[in-house]
Each structure stands twice: as C-alpha cells, then as structure tokens.
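1. generate a structure from the sequence data that follows.
(2 chains)
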Amino acid sequence: MKLTISRQNIYLLILSVVLLVFVLLFAFFALIPEGKNYRMERLEMKKHEANAAQYNQWHDAVLEELRTLQSHNKHIIAAYDNTFDAERFVKMNSPYFESLQLHKITPKEDEDGFSVYEVNATSKIDSPSSFYAFLEGINKSDWIINVNFPIRFEREGNVIRSTFTLNIYATLQEK
Amino acid sequence: MRYSFITPRPKKIVTPELKLVFFFFAMTLFILFATYGFLLYKSHQFSNEVTAINQRITDTNRSIVMMQKEIAMIKKSAAHFQNIATSNTVLKDSIKNLFDLVPERITLSKAVLEQNALILYGITPNKEVYEFLLQAPLRSIFHKTYSDFYPLENGWYRFVSTNYLDEEAL
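-> So this is what the prediction gives:
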C-alpha cells in the first residue's frame, strides 16, 4: 500500500508545525510571564486600594474629631486667635479700671506655644462685688486672661483701689 | 478523444481550503497578540493607578498630620484655658472668702494677696476681737501667722497681719 501526500498538504503540515511551535514559544516566553505580571500588578493595586480606603477612613475619623473639637471649643479658639487690643480691653472693662499698662513677657516653659502679656491695672471699685463680676466676666471675654498675683486692695475713702496683674495669652503664629 | 468527464479547471496555489486554514492561523495569531497587548496595557494601567493611589495616600497622610497637629493645638489650648478659668474662679472664691472672713467690728484698710501669702492692714477695737474673730480663722488656713499692733489715740489698734502658706505643704 502506498501512502500518497500531496505537496500542498506537506506545505500545510510544515506551516502548521511552525505555527504550533511559534504559539508554544510565544505562550511560554511572552504570554504567561506577562500574565503573571498582570496578576501581580492587579494584586498590588488591590492592596494599595485597600490601604487607601483605610487611610480615607482614618482621615474621615480625624476630620470628624477635629470638627467636633472646633465646634465645642469655638470660643476658646477665637479667643486665642484674637490679638489683644488694649484700647478695646479698657473700653470693655472701663467700669473696673482706672489705669492700665501693658507689656509683653517671655512665656514660662509650660506655656510654650502662647504669648504672654502682663497688664498692670489700677481700678476703683465701690464694693468687692464688682470685682467678682469682673473676674466672672473675664472667663467669657474675647481673650484668654489670667488674673495673677500679687493683688492689692487698698481703702481710699469709700472706694477700694485694686492693683493686679493680668496675663493675656494668644496663639503664636506659625514660625 | 476525451480523458475526463468533467471540464478542466485552472489549478490555484491557494485553494479555498488553504484560505480557510490561513484564516484560522491568522485568527490564532491575532488572538495571541491581542491578549498579549491587553495584558501589557492593563499592567501599565495598574502600575499608573498604583502611582496615583500612592500619591493620594501621601496627600491624605499629609492632611491627617496637619489635622492632628490642629487637634493637639486645640486640646492644648482647651486644657490651658481650663486651667486659667479654674485659676480665675478659685481666685474669685478666695477673695470672696477673704472679705467674708473679716468681721464687721474689724475694718480693713489694705489687703495684699500673694501666691503663698496674705498681708492684711486694718483697725480693730481691741486685740481680743482681732484674735478671736480674725486671727483664729486665719490660723486655720495659713501655716504661719504674725500680727503686729499699733495703739491709736482713741484706744483702738492698727494691726498688720502677715500670713504664709508653706510651699512644701502645698
């Protein structure tokens, strides 16, 4: 029995074999490595996305905390940001003060981050109750004020002359 | 004389069967290259996305650090304000208590409040009134109390009361 294959079929066979070899080589040396690389890149991206989502959650939590703090301490933040205005202070507290002198002092170690002013004030008050009212009002004023020692009360006729020191704190600007 | 029953047709190098085979080969190669191109493009895209995500994370982190600084500043300010407000309130109460402490029969002419000391100047009808009504409560508050008396022409006494708190005991 004689097997006869046409020349055309032989060419076709050779071409098929060449194609098969090419496909195999391409698959093993290009397609599969690139597929692995694709999978790794995708995995890496997913990891980064998860990481970014965590950062976003953290950011939202911190932002929420900041907003809550800002809303709860609105008066304090505004008071620290206000620049001390001696004229306005005198005007606001004119019922209490007779004279007022202001000068800046170096903050103590535990007061880092704040600037401190010292105010020497002399006032005439008819009775201690107006001084109490002044001390009560000082915590609600536009500035952060601390009444400091020494405090002197001296009787002059029917009025009391008082002399004391006020420390006025303000947030330092970014250096 | 005829050798075939059908009419001869021209022979072609590329037969329809071969065309079909070539078409399948071409399709195979196209799918291979398209897949490879797709993988290359997506890998590049993922790589770009990772860079963008990293940039976003860096920005978010910077924003978080700034907000945390602001939070720390607000907390520090609030704590500082609380200390000051408490100090002012305590001072007000101390002054109020001091004036409430002085009995009606004794008249104060001057009072000096210092961090750990209180100095009172005034007039008393006699030493006993001073000792029982003013010195006794002062002794219960302060660790050291000194009193000096100066007689006046009308029989009353001008007094200076100096009271100290021990810093170690505070």
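2. in which helix or strand would I find the most centrally placed residue in chain B?
-> Centre of chain B computed as the mean C-alpha position; nearest residue by Cα atoms, centre = their mean is B:A72, 2.3 Å away. Using DSSP states H and E, B:A72 sits in helix B:16-101.
3. adjacent strands (with direction) for the helix or strand that comes right after that helix?
-> Beyond helix B:16-101 on the C-terminal side, the first helix or strand identified by DSSP H and E is strand B:107-113. Sheet pairing of strand B:107-113 (DSSP bridges) gives strand A:144-156 (antiparallel), strand B:117-124 (antiparallel).
4. averaging pLDDT over each of these, which comes out lowest?
-> Mean pLDDT is lowest for strand A:144-156 out of those, coming in at a mean of 82.
5. list of residues touching that one?
-> Outside strand A:144-156, the residues that touch it by Cβ atoms under 8 Å, 6 or more residues apart in numbering or on different chains are A:76, A:79-80, A:114, A:118, A:124, A:128, A:135, A:138, A:160-170, B:80-81, B:84, B:87-88, B:91, B:95, B:107-115. In short, each C-beta sits where N, CA and C put it, glycine included.
6. go with 7 Å
-> For strand A:144-156, the external contacting residues (Cβ atoms under 7 Å, 6 or more residues apart in numbering or on different chains) are A:79-80, A:135, A:138, A:160-169, B:81, B:84, B:87-88, B:91, B:108-115.
7. please spell out the ChimeraX selection for the buried subset of those.
-> To isolate the buried members of the contacts of strand A:144-156 in ChimeraX, using 16 or more other Cβ atoms under 10 Å in any protein chain shown:
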select /A:79,80,135,138,160,161,162,163,164,165,166,167,168,169 /B:81,84,88,91,108,110,111,112,113
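8. now the helix of greatest length in chain A against helix B:16-101, angle please.
-> When chain A is scanned for its longest helix (criterion: DSSP state H), the result is helix A:32-72. Here helix A:32-72 runs at an angle of 20 degrees relative to helix B:16-101 (axes from the mean of the first three to the mean of the last three Cα atoms, to 10 degrees).
9. and the angle from the helix or strand following helix A:32-72 to helix B:16-101?
-> Sequence-wise, the next helix or strand downstream of helix A:32-72 (DSSP H and E) is helix A:74-81. For helix A:74-81 against helix B:16-101, the angle by the same axes, to 10 degrees is 80 degrees.
10. helix A:74-81 near chain B anywhere?
-> Yes - using Cβ under 7 Å from any Cβ of the partner chain, helix A:74-81 reaches chain B at A:I76, A:I77, A:Y80.
11. between those residues, which is nearest B:L29?
-> Within these, proximity to B:L29 (Cβ to Cβ) peaks at A:I77, which comes in at 69.5 Å.
12. from B:K75, how far out is A:W143?
-> Counting by Cβ to Cβ, to the nearest Å, the gap from A:W143 to B:K75 is 20 Å.
13. these two: who's more crowded?
-> With neighbours defined as other Cβ atoms under 10 Å in any protein chain shown, A:W143 and B:K75 compare such that A:W143 has more, 21 against 12.
14. can you give the domain ranges for chain B?
-> Using automatic domain parsing, the domain parsing of chain B gives B:14-97, B:102-164.
15. least reliable of those domains going by mean pLDDT?
-> Ranked by mean pLDDT, the domains of chain B bottom out at domain B:102-164, which scores a mean of 88.
16. need the contact partners of stretch A:54-71.
-> With Cβ under 7 Å, 6+ apart, stretch A:54-71 has contacts from A:I77, B:I57, B:T60, B:N61, B:S63, B:I64, B:M67, B:Q68, B:E70, B:I71, B:I74.
17. 6 Å instead, please
-> Outside stretch A:54-71, the residues within contact range by Cβ atoms under 6 Å, 6 or more residues apart in numbering or on different chains are B:I57, B:T60, B:I64, B:M67, B:E70, B:I71, B:I74.
18. quick one: mean pLDDT over that stretch.
-> Mean predicted lDDT for stretch A:54-71 stands at 95.
19. buried stuff in that stretch?
-> Buried-residue list, stretch A:54-71, by 16+ other Cβ under 10 Å: A:Y55, A:H59, A:V62, A:L66, A:L69.
20. residues of chain A that sit close to chain B?
-> For chain A, the residues in contact with chain B (Cβ under 6 Å from any Cβ of the partner chain) are A:19, A:26, A:30-31, A:34-35, A:37-38, A:41-42, A:44-45, A:48, A:52, A:55, A:59, A:62, A:66, A:69, A:73, A:76, A:80, A:128, A:132, A:135, A:138-139, A:144, A:146-147, A:149-155.
21. just the buried ones from these, in PyMOL syntax?
-> For the buried members of the residues of chain A next to chain B, the matching PyMOL selection, counting by 16+ other Cβ under 10 Å, is:
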select buried, chain A and resi 26+30+31+34+37+38+41+45+48+52+55+59+62+66+69+73+76+80+128+132+135+138+139+144+146+147+151+152+153+154
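22. next, count neighbours for B:E153.
-> 5.
23. what about it, distance to chain A?
-> Distance, B:E153 to chain A, by Cβ to the nearest Cβ, to the nearest Å: 19 Å.
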